[in-house]
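**Student:** Provided below are the primary sequence and the corresponding predicted coordinates.
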Amino acid sequence: MRLPIWILAFACALCTVPPVAALAETTNEEVAYELKEMKKALQVQNQLIQKQQAKIDELERRLETGAGSKVVYPEPALPEPTGARAPAPAGKGLGLPGQIGALLPEIGLVGDIVATTSEDAADTEGNDRISAREVELVVGSNVDPYSRFDASFAFSDFEETSLEEAYLTRWGLPWDLKARFGRFFPRVGKAASIHRDSLSTVDEPLVIRRYFGAEGFARSGADIGGTFQGPLSWVFEPSVGILEGGMGEGGTMFGTTRRRPTAYGHWKNYRDLSDSSGVELGFTGLIGSSDADPEFEVKTLGVDVTYLNAFTPTTKMKLQSELFVQQRDESFAIDPDTGETRQFDRHPWGAYALAEYRFAPQWAVGARADHVRLVDSAQSRHYDQGVSAFLTFYQSEWARWRLQFRHEERARDETDDNAVFLQGTFAIGTHKHQIQ
Amino acid sequence: MRKTIAILLAVIGTWAPVSPARGEPAIRVAATLSSFADLVKQIGGDRVEVSTIAPPRFNPHFIEPRPSDVLKVKKADLLVHGGLDLEAWRGPLLDAAGNPDLFPGGKGELDLSRGIPLLEVPDRQLSRLDGDIHLFGNPHYWTSPENGRIMARAIAGKLSEIDPTHAEEYRKRLADFLTRLDGKIAEWKQLSSSVRGKEVIGYHNEWPYLMEFVGVKLEQFLEPKPGIPPSPKHLGFLENYMKERGIKVIIQPTYFPKSSSEVLARRTGATVVILCQSVKELPEASDYIAFVDYNVRQLVRALEGK
Ligand SMILES: [Zn+2]
């Protein structure tokens, strides 16, 4: 036992000696370097004085020759004098001087204003008017070195204020796993798991609206996941979670009993195809309940495929498709008058396909096709379907306009609906795009 | 059964990353930009395994990191980044990777903007009216070889801190690099002496450090504010401005559309010159010194009207 300690001590001694010697050399080098830098600074200042003198001469000359009638340009900024240069601020700030901003959370506001003309008879969601559909207040910050807390609140001019998200993210778990706790968007497919303002279209795809809810799928619960290297350059992102029961606004996949939990799992597979293109294949599983009894009679399998290619720094293409298939074990109703049992579709499914092409730095076009089989539908036609086409104009990184035409054929009353949307999305404050 | 396990293990073994020195794993470095990655490779040599996040042919401000980038950051021992508000995507990427060592102030984080004498530090409170980028001063500092010297020293310092047993190796490589760089700096100064005091127009305000180095004036940009695309009205203003002063050169990197610059060039008889914002953005800019060399020569050639 004594021998290894000796070896260790010897090794330590070996390790410490060279850096000490190196330190002395570094100091000499440092002094020489500083001297050189000072000489350089002096040179720069001399040049600056000469430049300024030349400018003064030029201005005086112009004054004398009366060159005042020429076009007046904004006063060109003088080169920064060396003394006015500031060292870089330490750490990150938010545009506030010094450390004032250090303890404040990041705050952002995203406004989603939609003007709609529609044949739909319902007087909701802003049909035939301009609507402040959603104003989202996003607040987030690190809690401590191990975790971060994010919350978002949705305000609208036709719905009550709602808590969209409020969750803690905890890092540094075994195998570098990450856990979330609170209310969040579970990783269910692609479209249902992101904020509506991050979508390519004005509205959620039909299958998401019918099965999960008009604003995507935010639930309270807990989940855990991580990113891992798979074979052949694939990146794996598995996650599992347990959520409260129920769905988002208008969603029909599970019932309304929130105490009957929903379990979910997602496996994302991503692979780079080049330095600017990649493909993603995801699988989602959901198990939940359509009523208050102890059975978990609804099981859903989801598959999503996404292909992204940024051909050039200003043109890119996105192709995306998602399919959800349900297995509903108790999808029947008993007629109260006749006592007859009526069986509904036991395997309703829905899918969409979307293509988007950003053909110029500020312009994108795209289209989406939707089809969804309705849950427990007694209509003779028990599916909804539609097509949409859209044009997006990016005014800047923080302001975007989108024009969308949507044609939908609905099982309800067997009606068709044509709608035109003009959407403006504006972000102020901190605006981060989560990695999708 | 045992044979099956052996085969299985062998298969798994082939997935494991191959490290250069057997038994002595290299330091895994994730660099946000290719220019930083190249400097790390030059100082770290075989001791580092460097990956780049932003592809060099894209605008470093607006990258959409991918799951493979999340993995690079998650696995890294060291994250080398540009600091300030250069990489707007850095925060979400760090959050997604969840590697606490690389968070701001962590032991595996190197912010290269520290110690750089920044230009254009705002002397008033900025707002989105200013375009919302370059809030802390101009973050495109690596384009000046003088700052290359500061960055190389910072990298050597950080590598020695993480891996003290090889500190001597890093110091040698640093000295080597600085000798080569200083030689070239003298050459570039000489080369650019003929164009000092001339003026050019830029697309985005990303060249003040290089311009200061070569002594060329650059005060007007196709973007009316950083990050805001050119407008017809602003192009009209620039046309007058250029004609008034006889400005004959418009500079821009590869990733902005050339259409606006070309329209302006046609109206004013100027030339559009492509400079590299990042190492490897063009094949000629194969490493840091080649990158500065390419930019200085392109600029001088255009300004001399050759
Ligand atoms: Zn910039």
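**Tutor:** Noted; the coordinates are in hand.
**Student:** is chain B contacted by stretch A:306-325?
**Tutor:** Yes - using C-beta under 8 Å from any C-beta of the partner chain, we find that stretch A:306-325 touches chain B at A:310, A:313-314. Bear in mind the C-beta positions are built from the backbone N, C-alpha and C, glycine included.
**Student:** from one end of that stretch to the other, what's the distance?
**Tutor:** 18 Å (C-alpha to C-alpha, to the nearest Å).
**Student:** and stretch A:291-303, by the same measure?
**Tutor:** Terminal-residue distance, stretch A:291-303 (C-alpha to C-alpha): 25 Å.
**Student:** show me which residues of that stretch are buried.
**Tutor:** Residues of stretch A:291-303 classed as buried by neighbour count (16 or more other C-beta atoms under 10 Å in any protein chain shown): A:296-298, A:300, A:302.
**Student:** likewise for stretch A:424-431?
**Tutor:** Residues A:424-427, A:429-431 are the ones in stretch A:424-431 that count as buried (16+ other C-beta under 10 Å).
**Student:** please see if the longest helix along chain B touches chain A.
**Tutor:** Longest helix of chain B, by residue count under DSSP state H: helix B:167-192. Yes - for helix B:167-192, a contact with chain A is found by C-beta under 8 Å from any C-beta, at B:167-168, B:171.
**Student:** coming back round to it: whichever of the residues of stretch A:306-325 next to chain B end up buried, select them in PyMOL.
**Tutor:** The PyMOL selection below is limited to those of these classed as buried (16+ other C-beta under 10 Å):
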select buried, chain A and resi 310+313+314
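**Student:** chain B: which of the residues of stretch A:306-325 next to chain B is nearest?
**Tutor:** Nearest to chain B, judged by C-beta to the nearest C-beta, of the residues of stretch A:306-325 next to chain B is residue A:313 at 3.7 Å.
**Student:** and that closest one, what does it touch?
**Tutor:** By C-beta atoms under 8 Å, 6 or more residues apart in numbering or on different chains, the contact list for residue A:313 reads B:57-59, B:254-256.
**Student:** need the residues you listed in TSV with secondary structure and distance to chain A, can you?
**Tutor:** Formatted as TSV, the contacts of residue A:313 follow (DSSP: H, G, I helix; E, B strand; the rest coil; distance: C-beta to the nearest C-beta, whole Å):
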residue	secondary structure	distance to chain A
B:57	coil	6
B:58	coil	5
B:59	coil	6
B:254	coil	8
B:255	coil	4
B:256	coil	8
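**Student:** would you list the residues of helix B:167-192 next to chain A in TSV and tack on neighbour count and pLDDT?
**Tutor:** Listed next are the residues of helix B:167-192 next to chain A as TSV, based on neighbours: other C-beta atoms under 10 Å in any protein chain shown; pLDDT from 0 to 100:
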residue	neighbour count	pLDDT
B:167	21	88
B:168	14	89
B:171	21	90
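**Student:** residue A:343 pairs with what?
**Tutor:** As for beta bridges, residue A:343 partners with residue A:332 under DSSP bridges.
**Student:** helix or strand right after the lowest-mean-pLDDT helix or strand in chain A?
**Tutor:** Sorting the helices and strands of chain A by mean pLDDT, DSSP states H and E puts strand A:86-87 at the bottom, at a mean of 44. The helix or strand immediately downstream of strand A:86-87 is strand A:106-118, counting by DSSP states H and E.
**Student:** give me the contacts around that following strand.
**Tutor:** Residues outside strand A:106-118 that contact it (C-beta under 8 Å, 6+ apart) are A:94, A:125-141, A:195-197, A:202, A:417-432.
**Student:** tell me the contacts of residue B:99?
**Tutor:** Contact partners of residue B:99, counting by C-beta under 8 Å, 6+ apart, are A:171, A:176, B:73-74, B:76, B:108.
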